[in-house]
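Engineer: how would this look folded up:
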Amino acid sequence: MSNTNQYPVDAMEGGKIEPQEGENKELAEISELSKKGYLLLKEGKTTEAIDCFSKILSIDKNNNYALVGMGDASRKRGTFREAVEYYQHCLELYPGNNYALFGLADCYKALNQYHKAIEIWEQYLLHDDKNITVLTRVADAYRKVRDFKHSKAVYLKVLEMEAQNPYAIIGLGHLHYDFKEYRDALYYWEKMLDAHKEKVDIRVLTSIGNCHRKLKTFEKGIPYFEKALTREPYNFYALFGLADCFRGMNQQHLSLEYWNRILEQDSRNKVILTRAGDAYRNMNDFDRAAEYYRRALNIEFDTYAVLGLAVVSKAQGRYNEAIESLRRLIQQDPKNYRPYVELADCWFKKNDKNQALEVLMEFQKLGLRNSHVTELIEKYKN
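Structural biologist: Residues are numbered from 1 along each chain as shown. Below you'll find the predicted structure:
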């Protein structure tokens with residue numbers, strides 16, 4: 001970082017411009033305070049660092065070291081908007097200051113203003129287009145705004161410069177996963193696994209497991225989630241992944257083991273309560289299923305808990321009760337196909353095929369299309 005402050009010329013010796021004695025002292029004080037401030041920042045002592053930079057600004061209000069230092073300290077404290085003001089002030093005075101550009105872009109990223117972050121990082125790259133740290137940040141930001149093409153291009157540029165760069169490889173994994181290209185995501189995360197073996201980050205293991213879960217190759221996903229659990233026995237993503245894999249394999253009793261392990265840590269997680277209720281229902285343990293659905297509803301309204309209770313009522317032959325509940329659910333969530341399917345099935349089980357068809361046609365009149373609904377219409381018609 002270069003300080004371009006100009007000092008008055010009052011003395012010339014041997015062709016060299018010399019500052020006055022008072023200015024020498026002032027420069028030395030600024031230099032000392034600047035070094036101390038940045039050292040304190042490295043040690044995480046932001047309050048003391050701010051005190052140093054404030055002293056510099058009381059001597060020289062436009063000092064770029066102090067402006068960037070104040071920005072960095074504010075950023076470390078999480079007061080990103082305040083940091084933005086310091087970096088912007090610095091850039092107004094010194095437009096090419098890389099440290100201010102870097103800090104400003106990081107603030108915009110933290111504020112989820114990814115388009116602004118990209119704009120600033122691209123300004124930075126005009127001065128330093130080989131900076132891998134900045135390039136991976138740009139690729140990450142493009143990924144956040146769902147610009148697949150530019151994100152992938154920048155990640156691949158990083159890999160051309162550094163073939164095993166972990167941030168680019170993991171970023172490409174996330175990018176393909178976000179766009180539902182699960183096989184490509186697997187390729188990159190497996191590269192990380194091959195490179196790091198037993199020391200690989202636990203998130204890589206759960207990400208590989210999640211790819212198999214999405215691809216419905218549940219048996220292949222299970223070992224990765226199990227390996228993650230050997231490291232962190234209560235890792236939410238590993239427990240959820242295992243439960244969902246066993247659910248996908250219709251091994252409800254095994255899925256319940258992991259749903260309940262999550263609930264040991266988070267007894268008020270209504271999504272997990274509903275999933276556990278579904279597992280009990282699929283095992284025909286209707287009383288336990290209803291208990292879990294009600295526990296979810298005691299936290300707050302949940303469409304799938306209400307749906308689960310209605311399906312329990314239907315399974316127990318209480319069709320009118322189920323019909324009433326499903327009708328209310330359709331009023332609250334008219335675009336969800338599931339209540340229509342269950343409601344139609346209630347009427348079908350009551351031997352009223354015409355009413356069952358009417359329910360399904362009601363869904364289609366909304367201009368919505370669902371393959372399951374279409375198949376049921378054909379089934380009831382025939």
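
Engineer: Please give me every residue in contact with the residue lying closest to K36 once chain neighbours are set aside.
Structural biologist: Leaving aside its chain neighbours, K36 sits nearest to C52 (5.2 Å; criterion: Cβ to Cβ, 6 or more residues apart in numbering). C-betas here are computed from N, CA, C, even on glycine. Neighbouring residues of C52 by Cβ atoms under 8 Å, 6 or more residues apart in numbering: 33-34, 36-37, 40, 69.

Engineer: Do you know the pLDDT at C52?
Structural biologist: Note for C52: predicted pLDDT of 95.

Engineer: check contacts around S255.
Structural biologist: Under the criterion of Cβ under 8 Å, 6+ apart, the contact list for S255 reads 242-247, 275, 279.

Engineer: next one: I330
Structural biologist: 336, 339-340, 343.

Engineer: Could you tell me which of those residues are located in helices?
Structural biologist: 339-340, 343 (DSSP state H).

Engineer: low pLDDT regions in the stretch 1-150 of the chain?
Structural biologist: Applying pLDDT under 70 to the stretch 1-150 of the chain flags residues 1-23.

Engineer: Now do whichever helix in the chain runs longest: distance to the chain's middle.
Structural biologist: Using DSSP H to define each element, the chain has its longest helix at helix 21-42. Chain-centre distance of helix 21-42: 41 Å, with Cα atoms, centre = their mean, to the nearest Å.

Engineer: Could you do stretch 168-177 as well?
Structural biologist: Offset of stretch 168-177 from its chain centre (Cα atoms, centre = their mean): 13 Å.

Engineer: What of stretch 366-377?
Structural biologist: On the basis of Cα atoms, centre = their mean, stretch 366-377 sits 33 Å off its chain's mean C-alpha point.

Engineer: which parts of that stretch are buried?
Structural biologist: Neighbour counts over stretch 366-377 (16 or more other Cβ atoms under 10 Å) mark 370, 373, 376-377 as buried.

Engineer: Name the residues that touch that stretch?
Structural biologist: With Cβ under 8 Å, 6+ apart as the test, stretch 366-377 has contacts from 334-335, 337, 340-341, 344, 357, 360-361, 363-364.

Engineer: now stretch 289-309
Structural biologist: Taking Cβ under 8 Å, 6+ apart as the rule, stretch 289-309 contacts 268, 270-271, 273-274, 276-278, 280-281, 312, 325-326, 328-329, 332-333, 336, 338-339, 342.

Engineer: same question, stretch 334-344
Structural biologist: For stretch 334-344, the external contacting residues (Cβ under 8 Å, 6+ apart) are 303, 307, 310-311, 314, 322-323, 326-327, 329-330, 333, 356-357, 359-360, 362-363, 366, 368, 370, 372-373, 376, 380.

Engineer: where exactly do the strands run in this protein?
Structural biologist: 11-13, 16-18 (DSSP state E).

Engineer: that older thread, pull out the buried residues from the contacts of stretch 289-309.
Structural biologist: 270, 273-274, 276-278, 280-281, 312, 325-326, 329, 336, 338-339, 342.

Engineer: what's the closest of those residues to R231?
Structural biologist: Ranked by distance to R231 (Cβ to Cβ), those are led by A276 at 24.6 Å.

Engineer: burial measure for the closest residue to the closest one other than its chain neighbours, as a count.
Structural biologist: Distances taken as Cβ to Cβ, 6+ apart place W259 nearest to A276, at 4.1 Å, with adjacent residues excluded. Applying other Cβ atoms under 10 Å, we find 28 residues neighbouring W259.

Engineer: got the contact list for W259?
Structural biologist: Counting by Cβ under 8 Å, 6+ apart, W259 makes contact with 243, 272, 275-276, 279.

Engineer: let's see it at 6 Å
Structural biologist: By Cβ atoms under 6 Å, 6 or more residues apart in numbering, the residues touching W259 are 243, 272, 275-276.

Engineer: swap in N235?
Structural biologist: N235 sits next to A228 when contact means Cβ under 6 Å, 6+ apart.

Engineer: what's the spacing between it and E160?
Structural biologist: Distance, N235 to E160, by Cβ to Cβ, to the nearest Å: 34 Å.

Engineer: L159: neighbour count?
Structural biologist: Using other Cβ under 10 Å, L159 has 16 neighbouring residues.

Engineer: same question but for N210, I mixed them up
Structural biologist: Count around N210 with other Cβ under 10 Å applied: 23.

Engineer: now do the one 10 residues further on
Structural biologist: Here the number of neighbours of K220 (other Cβ under 10 Å) works out to 16.

Engineer: Pretty sure it sits against H212.
Structural biologist: Yes - assessed by Cβ atoms under 6 Å, K220 is found in contact with H212 at 4.5 Å.

Engineer: coming back round to it: okay, the contacts of S255 in JSON lines with distance to R146 next?
Structural biologist: JSON lines is the format used below for the contacts of S255 (distance: Cβ to Cβ, whole Å):
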{"residue": "L242", "distance to R146": "30"}
{"residue": "A243", "distance to R146": "29"}
{"residue": "D244", "distance to R146": "25"}
{"residue": "C245", "distance to R146": "28"}
{"residue": "F246", "distance to R146": "32"}
{"residue": "R247", "distance to R146": "29"}
{"residue": "R275", "distance to R146": "28"}
{"residue": "A279", "distance to R146": "34"}
